[in-house]
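# for reference, the sequence and a predicted model appear below.
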Amino acid sequence: MANERNHVQNNVFTDVALRERMRLEAQGVLRKRALSQQEQYRKALDEVVISQEHVKDLAAQMMYLINARAYGTMTSTQKIAGARMNTLFIGPSGCGKTLTASHIAHNANVPFAEFALLRVSSTGLVGGKIDDSFMSYIMNVIERERKKLNKEESRKMDDGELYERCHEKNYGIMFYDEIDKLAGTNDLQLANGGISKKVQQELLDILQGTTVDVGVGATQTPIGLESVSIPLNTSEMTFICAGAFTGLEEIIGKRCGLDIKKLTKRDVYDKMIADDLVEYGLLPELLRRFDQIITFDELTINDFVRIIRETKKSPVNIKRDVLQAYYGTKLTIEDNVYEYIASLSLKNKQLGAGALNQVCNDLLNPIMQRLWEYTQNDAVTITLPLAQKLLAKYELKNSVQQQIGFSKN
């Protein structure tokens, strides 16, 4: 009898040890897979976002966690423990805020939509209402699901059915731009960019998690047109809000007793606390809805050069591929031309890196439109004199600005 009892006990101990070993092995596999996937996400960002190293570290983590919540085997308890990563992006125009947010969604493979909060008022009398911002998100979800089906299957389903089929519909990213413009006090006060703190208050429940009925059109019934809406639960969504927050440095400098003219924006931003954003005009309750606040660096001329040369979506690299694939023509650009393009783009502070597209297209489009005039030995070479000739209007613009006193230098 004693031997039998000992045998049972030994089996129990063996089973417990085996389960524990299996649990540890599973954790090890999960850890290796998670670290590998997050590292891959980080490398993918290097191909599209230049500089902003600290931002890309955070973005890679967000990609992994959002993807794991949408497609992994987490229980509801684990998802809560894993936390959503609502984030506030702060940085000047053209530094990569929207680009980073869209690539987080792209690599995490979840729906994405962006909306400018400047277009919103709490009453709807000026612009739209905050609930309208979800229309593009719903449409993105439906389009994603439609692409998973063949034409015949897709034709048999209406938008509501397609939306319900989408597994990842509740795990996407909503990107709200120009949240700094919500720092006004008057609902109709648009002259200075301020809208209303009432709109901020409407954001509280949305960021916390609620169900929003999103109007998607109307259907004909025997008694007339009837509006159609789709309920959207925001509890599992990730919200990224962004703004330039012009003048925030002065608030930080005043609190810290700093002469901000002698410091870089990074030095000033490193001293930022939530109270500075409250003084700027954001509600404390809204700030508490963000799991992290991250600041973007201003781009330098070297960053601009790297964007042109290294990123996949650079207009130069895109047109180089087009010339090679469709015309059998090689495009060569001298090094000093890259620096020239960057210097012209950098002078357009309002567009930031977005100015690169405009300058590059103004340089390359005339060449491609009259390619026979610029091609020698199956190649096009862009020299500095040629670039200066084709981009002369930018030099004129900058010289006029200096003459009439618009230059900051």
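Structure received. Not measured: the values here are computed from a predicted model.

# show me which residues of whichever strand or helix holds residue 337 are buried.
Assigning secondary structure by DSSP states H and E places residue 337 in helix 335-346. Residues of helix 335-346 classed as buried: 337, 338, 339, 340, 341, 342, 344, 345, 346 (neighbour count, 16 or more other CB atoms under 10 Å). The C-beta positions use only the backbone N, C-alpha and C, and glycine is treated the same way.

# widest-spaced pair of the residues you listed?
Of all pairs drawn from these, the one with the longest distance (CB to CB) is 337 and 346, at 14.8 Å.

# what helices or strands is the helix holding residue 337 leaning on?
The elements that helix 335-346 packs onto, with contact taken as 3 or more CB pairs under 8 Å, 6 or more residues apart in numbering; DSSP states H and E, are helix 301-310, helix 354-369, helix 384-390, helix 392-403.

# state the distance from the residue most central in space within the chain to residue 69.
The residue at the geometric middle of the chain, judged as the C-alpha nearest the mean C-alpha position with CA atoms, centre = their mean, is residue 101 (1.5 Å). With distances defined as CB to CB, to the nearest Å, the gap from residue 101 to residue 69 amounts to 17 Å.

# average pLDDT across stretch 241-249?
Mean pLDDT, computed over stretch 241-249, is 92.

# only the buried residues of it, if you could.
Buried positions in stretch 241-249, judged by neighbour count with 16+ other CB under 10 Å: 241, 242, 243, 244, 245, 248, 249.

# check stretch 297-309 too.
In stretch 297-309, counting by 16+ other CB under 10 Å, buried: 297, 298, 299, 303, 304, 305, 306, 307, 308.

# which non-adjacent residue is nearest the first one?
When the adjacent residues along the chain are set aside, residue 297 lies closest to residue 266, with 5.6 Å between them (CB to CB, 6 or more residues apart in numbering).

# what's the burial count for residue 149?
14 (other CB atoms under 10 Å).

# got phi/psi on it?
Listed backbone geometry of residue 149 is phi -110, psi 160, with angles given as degrees, to the nearest 10.

# state the mean pLDDT of the helix or strand in which residue 231 is found.
Per DSSP H and E, residue 231 falls inside strand 224-233. Confidence over strand 224-233, taken as the mean pLDDT, stands at 76.

# in that strand, which residues are buried?
Counting neighbours by 16+ other CB under 10 Å, strand 224-233 gives 230, 232 as buried.

# next SSE downstream of that strand?
If you walk from strand 224-233 toward the C-terminus, the next helix or strand you reach (DSSP H and E) is strand 238-243.

# and that next one, which strands flank it?
Within its sheet, strand 238-243 is paired with strand 87-90 (parallel), strand 173-177 (parallel), according to DSSP bridges.

# ok, and what's touching it?
Counting by CB atoms under 8 Å, 6 or more residues apart in numbering, the neighbours of strand 238-243 from elsewhere in the structure are 62, 66, 84-91, 97-98, 101, 104, 117, 171-181, 206-207, 289-290.

# and the gap between the residue nearest to the centre of the chain and residue 376?
From residue 101 to residue 376 the distance is 43 Å (CB to CB).

# please produce TSV containing the helices and strands packed on helix 335-346, extended by mean pLDDT.
Output for those, formatted as TSV (pLDDT from 0 to 100):
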stretch	mean pLDDT
helix 301-310	90
helix 354-369	90
helix 384-390	94
helix 392-403	58
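
# can I get those helices in TSV including distance to residue 166?
Putting those into TSV (distance: least, CB to CB, whole Å) gives the following:
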stretch	distance to residue 166
helix 301-310	34
helix 354-369	31
helix 384-390	47
helix 392-403	45
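
# next structured bit after whichever strand or helix holds the residue nearest to residue 297?
Per DSSP H and E, residue 266 falls inside helix 265-269. Note on helix 265-269: by DSSP H and E, the next helix or strand toward the C-terminus is helix 274-280.

# give me the buried positions along that following helix.
Buried residues in helix 274-280, counted by 16+ other CB under 10 Å: 276, 277, 280.

# isn't the second one up against residue 252?
It stands for residue 277. No - with contacts counted by CB atoms under 8 Å, residue 277 stays clear of residue 252, the gap being 9.8 Å.

# from residue 275, how far out is residue 254?
12 Å.

# please read the previous query as pertaining to residue 199.
From residue 199 to residue 275 the distance is 22 Å (CB to CB).

# who's in contact with residue 283?
Remark: with contacts taken as CB under 8 Å, 6+ apart, residue 283 is in contact with 197, 200, 201, 204.

# what do you get if the cut-off is 6 Å, keeping everything else the same?
residue 200 (CB atoms under 6 Å, 6 or more residues apart in numbering).

# got the phi and psi for it?
Reported as degrees, to the nearest 10, the phi and psi values for residue 283 are phi -70, psi 140.

# just residue 114 next, same as before
Geometry field for residue 114 lists phi and psi as phi -120, psi 150, criterion degrees, to the nearest 10.

# state the distance from the closest residue to it other than its chain neighbours to residue 169.
Once flanking residues are discounted, residue 114 sits nearest to residue 175: 4.1 Å by CB to CB, 6+ apart. Spatial separation of residue 175 from residue 169 under the definition CB to CB is 17 Å.

# can you pull out the low-pLDDT segments for this protein?
Where the chain drops to pLDDT under 70, the residues are 1-32, 34-35, 73-83, 119-128, 184-196, 216-226, 349-353, 396-409.

# and the helices in the stretch 1-150 of the chain?
Listed from the start of the chain, the stretch 1-150 of the chain has helices (DSSP state H, counting those that start in this stretch) covering 2-46, 53-71, 76-82, 97-108, 134-148.

# got a list of contacts for the fourth one?
Meaning helix 97-108. Helix 97-108 is contacted by residues 41, 44, 48-49, 59, 62-63, 66-67, 89, 91, 112, 173, 175, 240, 242 when judged by CB under 6 Å, 6+ apart.

# got it, and the second one?
The contact list for helix 53-71, computed with CB under 6 Å, 6+ apart, reads 37-38, 41-42, 45, 49, 79, 82, 85, 100, 104, 107-108, 110, 168, 171, 238, 294.

# show me which of those are buried.
37-38, 41-42, 45, 49, 79, 85, 100, 104, 107-108, 110, 168, 171, 238, 294.

# next, residue 244: phi, psi?
Backbone dihedrals for residue 244, given as degrees, to the nearest 10, come out at phi -80, psi -30.

# so who does it touch?
Taking CB under 6 Å, 6+ apart as the contact definition, residue 244 lies against 92, 93.
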